[in-house]
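> sharing a sequence plus its predicted fold:
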Amino acid sequence: MTTPKLRFKEFEGNWNKVKLFQIGSFKNGINKDKNDFGYGVPFINLMDVFGKNSISKNNFDLVNATQKEIENYSLQQGDILFIRSSVKPEGVAETAVILEDLPNTVYSGFLIRYRMNKQVNLFYKKYCFSTENFRKQVLSLSTTSANTNINQESLNLLDLALPNLEEQTKIASFLSAVDEKIVQLTQKHELLSQYKQGMMQKLFSQQIRFKANDGSEFGEWEEIKLVDFLAFNPRPINKPEDSYHALGVRSHFKGLFNKFNSEPEKISMDTLYRVKENDVVVNITFAWEGAMAVAESEHDEGLVSHRFPTYLCDTNKVNLNFFKYRFTQKDFLSHLQLCSPGGAGRNRVLNKKAFLEISFYKPCLEEQTKIANFLSAIDQKIEVVAQQIEQAKQWKKGLLQQMFV
């Protein structure tokens, strides 16, 4: 069938299916010695294409190229760059269309240029090479060794179904509007995240203070050590005989993650430790990199090794949500690094005694709660926008499956 499942009502009839070699030609990019980089003419490399579907003038890397090379590896409006080799299969033959002439610009040998001899809508080219059917063809003709690769010969054999120019334009305009919505939501997400970071800095440095419900000023902040409100609370159990729910802690204060169906035979320890919701969990091997988090409900009863000590927070002294935001600050990370002596990576192990001696300033519980609630409200807004971005991306993915052949 050469008609899409989802179509604008004013169009009918079959699309024209062609092989890529019938409507254009391919050319591999330029390969240069490492000494030729850093000066010369603009040079588009793999990372300028990866994860994008279009390229305009930009601050590209530079490469030393002769005039003949500039002519042979030129880029003009409408050219399409294919990624020739990728570590991950989904990256091979990713494409980006050149939206404007790029004079005196060349492209990497990790890329293949496709120049069409048939008129196709410029913005339609952003989408027609990323449809599910086209990607299936790409993967079926790719070869895999250390990387997944595709060559000109295989690309020439790929099928592309094209409607008339009017329908191409309509499809491209519609999908461009979807992309614009995703861009707007992404910008909103970034602005909210920046606002949150700025407010945390001002709140924890006391540039901004909340007032009590009756309008009065809260008292001075007081210094407190972790040992004053965190209690080491291991819950040892024998290693399960069957697959189990394991947990890990991400670096950069990105929270815990679940590892379901973990296999007990793959670990040498005979004893593991249960985690409960609201535990403070630290990865002593990567604490210096911010591997510290508070367990959520989804992590309850997960298991960790002895490298992940768990602590209970005395909420009569410190609001746990306040502390969750407080320990993500740069000064706290510096303390974690100072408590983790040694060389880089796994050789830097957190000194648990020194960890509990870390101190910071805190307000009274009422002000802690106000700070935590304020930051939680921002987080909720950030999460809503993140969900909207994901929904828009999934919607676009569905459109790409249904609006193309």
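Structure received.
> please name the nearest non-neighbouring residue to residue 161.
residue 405 (3.7 Å; Cβ to Cβ, 6 or more residues apart in numbering). For every residue, glycine as well, the C-beta is placed using N, CA and C.
> Provide a list of residues in contact with residue 374.
Counting by Cβ atoms under 8 Å, 6 or more residues apart in numbering, residue 374 touches 199, 203, 210.
> mean confidence for the helix or strand harbouring it?
Element membership for residue 374 (DSSP states H and E) is helix 365-402. Per-residue pLDDT over helix 365-402 has a mean of 97.
> now that helix, how far from the centre of its chain.
15 Å (Cα atoms, centre = their mean, to the nearest Å).
> what ranges does the stretch 151-300 of the chain have for its strands?
Ranges of strands within the stretch 151-300 of the chain are 159-162, 222-225, 230-232, 236-238, 244-249, 256-262, 271-274, 280-282, 292-294, based on DSSP state E, counting those that start in this stretch.
> could you dump those strands into JSON lines and include mean pLDDT, distance to residue 43 and mean neighbour count?
Output for those, formatted as JSON lines (pLDDT from 0 to 100; distance: least, Cβ to Cβ, whole Å; neighbours: other Cβ atoms under 10 Å):
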{"stretch": "strand 159-162", "mean pLDDT": "96", "distance to residue 43": "28", "mean neighbour count": "19"}
{"stretch": "strand 222-225", "mean pLDDT": "98", "distance to residue 43": "54", "mean neighbour count": "12"}
{"stretch": "strand 230-232", "mean pLDDT": "98", "distance to residue 43": "52", "mean neighbour count": "16"}
{"stretch": "strand 236-238", "mean pLDDT": "96", "distance to residue 43": "57", "mean neighbour count": "10"}
{"stretch": "strand 244-249", "mean pLDDT": "96", "distance to residue 43": "39", "mean neighbour count": "21"}
{"stretch": "strand 256-262", "mean pLDDT": "94", "distance to residue 43": "38", "mean neighbour count": "14"}
{"stretch": "strand 271-274", "mean pLDDT": "96", "distance to residue 43": "51", "mean neighbour count": "18"}
{"stretch": "strand 280-282", "mean pLDDT": "98", "distance to residue 43": "44", "mean neighbour count": "23"}
{"stretch": "strand 292-294", "mean pLDDT": "98", "distance to residue 43": "41", "mean neighbour count": "24"}
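> not including adjacent chain positions, what is the nearest residue to residue 335?
residue 358 (4.5 Å).
> list the residues that contact the one you found.
Residue 358 makes contacts with 225-226, 332, 335-336, 339, as judged by Cβ under 8 Å, 6+ apart.
> how is this protein divided into domains?
Structurally, the chain divides into domains by automatic domain parsing as follows: 18-162, 164-215+364-405, 222-362.
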